[in-house]
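> Got a predicted structure plus its sequence, pasted below:
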Amino acid sequence: MNAAIPGGSFAPAHLDQFSQKRYDTHRHSNPTEGTVGMTEPLATHHAPRTTHKTDWLLIGVLVALVLPLRLWLICNTEVTARDSIGYIRYALQFEQKPWAKVLQQNHQHPGYPVLVWLTSLPIRAMEDATTAANMTLSAQLVSLVASLVLLVPMYWLGRQFFDRPVSFFATLLYQYLPISAQHLSDGISEPLYLVFLVMGLLQMVHGIRNRSVWRCALGGVFAGLAYLTRPEGALILPALGLMLIVMQIRPTWRCSWWRCGGCGSAAVFSAIAVGCTYAIVIGGLTNKPAPLVAMGFAERAEMKRPVDIAGPLSLFAATIPPTDNKLLSLGRSVWALGEEINQGFHYLAGVPALLGFVWSFAGLRRQPAFWALMAYIAIHGLILISLAMRVYYISDRHVMILVIGGCFFAVVALSELPRRILAWRKPVSQAPTETTGWLRSAPLWSAVLFVALLGACLPKATQRLHGNRAGNHAAGIWLAEHLHEGDVVMDDHAWSMFHAGLVFEEGREPKLPRDLEATCYIVITRSRDPRAQPQSQVIGVEFNPDGTAKSLRTVPIAKDAKTVYTWPPKAEADKVRVLIYAQRRDNDIHPWKKNP
């Protein structure tokens, strides 16, 4: 696990493809337009074709090491993420309404919901039903495949700058970090988004290094696919464009303006070709309120519009107290961003990542491809800070790509730290013995540190997915057994409604008898915080007849409401976490069509 850049310097390295042709004649000359007189050092020598077999073998080992974790988490899922419920609703709309209307009515980008819908077709066909269980499985299978595919571009992205051990162990570490492990197994868009994003960044690195038009075009394709999954996927393009301009300013990195323009144009036009259909249909770049607010194109109030049952905000987020002091807001936003990144590293790998970056910087700074990645990180970070200043939160999902980059530096530090410490503590005259020889082995201590870090991650990484929502799951199953025609459920956490099957009946308005005495079930999830006040009302989402979210509705708990279910069963009153109240359905709050 030796770092590729010990002490901040590189071993002799191969030239990039564009420089190789003229290296012998131009190595010591001033570059002219159309030539490049510099080398772009990599962590290893130019590898013959046969060494790629070793890389692919290591990727196969990664799959074998990661697949058990993914299967474990899928088999140990209590409920899917609340955002996943919105994606599932989105996916099912593709077979209920015209696609253009579906895209216009949903804030999320369609890449992930489309794949969830396609995956669900054979699964639902086997069961001849649409249920919470098979739709959850469909969403998680998309994430499972994406998380395994992610191993390939992440490993190869690392190989552009580091040796095999660093790339291998960094890729493995990312999959086992608790937040990454949980999110990559959940029914959310991040796994698919990261696949397209890292593939796009990898092609951008190749395009910058080789001044390759077709590589830049391929990077644009993946940028377009990432954009179809999440709006920030398009950030690859400004990072690439900025770096192409900077390269023309610095003489040692300069190439012909024709090639520079060709690379930039290829990336932009290929990205437009992939993503333009969605943008044309919705009449803009995105329907999501958060990016629009962050860029100043929408008001903060837009964030309050219900996107889906889950709402627009993530439970796993750093919230920031609102303030009119811009400087204070900036400081809090930067601090929140740092907190989320540190949490993404499970707190233990954050400092090693910083050390690895410092120790690697001397060698990496000579590579324009490295600065292209730094440009992307800078743009991404600035947008997150802007988002935090305007909507007062940053989610841990937002920083997952930053943690990917940091994992390489964390592994560099774990490799380099023992070597530096042992060199500092080297005995003056004592001859090495068989015992002291292995005790002073830097690779051995690097392996010990890595195994210790991975071991510290495992308990959290393998936790039951959303296991703290077992009560909401159980409440949904109870409701499914007790609901009758005309009954309604108000649940501010959505899981009970989902597992009761009501999500699949949204928008349906059956005609009911005039004298119907229907029931309104109110699901309350109690906080474990002793300072939390008992709820006297519940906030739910009201839907239009076509199934789209219309508004938030507050339903008070009636004085004569009866407690019909508690979880845990037979628990003491102060230990109950989930309650279901039953009260008469109010026609003023929940009107229904009556039979004549």
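Arrived safely, thanks for sending. Numbers count the residues shown, from 1 in each chain.
> pLDDT wise, what is the residue lying closest to Tyr112 once chain neighbours are set aside at?
In space, and not counting its chain neighbours, Tyr112 is closest to Ser189: 3.8 Å by CB to CB, 6 or more residues apart in numbering. For the C-beta atoms, the positions are set from N, CA and C on the backbone; glycine is no exception. For Ser189, the model assigns a pLDDT of 95.
> contacting residues for Gly471?
Thr525, Trp567, Pro568, Arg577, Val578 (CB atoms under 8 Å, 6 or more residues apart in numbering).
> And the third one, how close does it get to Ala480?
For Pro568, the distance to Ala480 under the criterion CB to CB, to the nearest Å works out to 19 Å.
> show me what contacts the most centrally placed residue in the chain?
The centroid of the chain falls nearest to Glu190 when counting by CA atoms, centre = their mean (3.3 Å). Taking CB under 8 Å, 6+ apart, we find Glu190 in contact with Ser143, His183, Leu184, Arg397, Met400.
> One more pass at 7 Å, please.
Residues near Glu190 by CB atoms under 7 Å, 6 or more residues apart in numbering: His183, Arg397, Met400.
> in the stretch 251-400 of the chain, which segments are predicted with low confidence?
289-318 (pLDDT under 70).
> If we only consider the contacts of Gly471, which is nearest to Ala388?
Looking at these and their distance to Ala388, the nearest is Thr525, at 26.8 Å (CB to CB).
> The closest one touches Asn472, doesn't it?
Yes: using CB atoms under 7 Å, Thr525 makes contact with Asn472 at a distance of 6.3 Å.
> quick one: the helices in the stretch 201-350 of the chain?
213-229, 236-249, 257-282, 289-294, 326-344, 350-364 (DSSP state H, counting those that start in this stretch).
> With respect to burial, which of those helices scores highest?
Stretch with highest mean neighbour count among those: helix 213-229 (a mean of 25; mean count of other CB atoms under 10 Å).
> Summarise which helices and strands that helix is packed against.
helix 111-127, helix 190-210, helix 236-249, helix 257-282 (3 or more CB pairs under 7 Å, 6 or more residues apart in numbering; DSSP states H and E).
> out of the helices of the stretch 201-350 of the chain, nearest to Leu458?
helix 326-344 (16.5 Å).
> Residues in contact with that closest one: which ones?
Contacts for helix 326-344 (CB under 7 Å, 6+ apart): 177, 179, 318, 320, 323, 350, 381, 384-385, 388-389, 394, 396, 399-400, 402-403.
> where in this structure is pLDDT low?
Applying pLDDT under 70 to the chain picks out residues 1-51, 289-318, 427-438, 507-508, 510, 512, 514-515, 527-555, 590-596.
> where do the strands sit along it?
Applying DSSP state E to the chain gives strands spanning 317-319, 393-395, 488-491, 519-525, 537-543, 549-556, 562-567, 578-584.
> all helices of the stretch 401-550 of the chain, in order?
434-439, 442-461, 470-482, 495-499.
> In contact with Leu355: list those residues for me.
Leu355 is in contact with Ala413, counting by CB under 7 Å, 6+ apart.
> And Leu483, by the same measure?
Neighbouring residues of Leu483 by CB under 7 Å, 6+ apart: Ala500.
> From Cys520, how far out is it?
11 Å.
> Against Gly363, how distant is the residue nearest to Arg419 when sequence neighbours are not counted?
Sequence neighbours aside, Ala442 is the residue nearest to Arg419 in space, at 4.1 Å (criterion: CB to CB, 6+ apart). Using CB to CB, we find Ala442 at a distance of 19 Å from Gly363.
> Many thanks, I have nothing further to ask.
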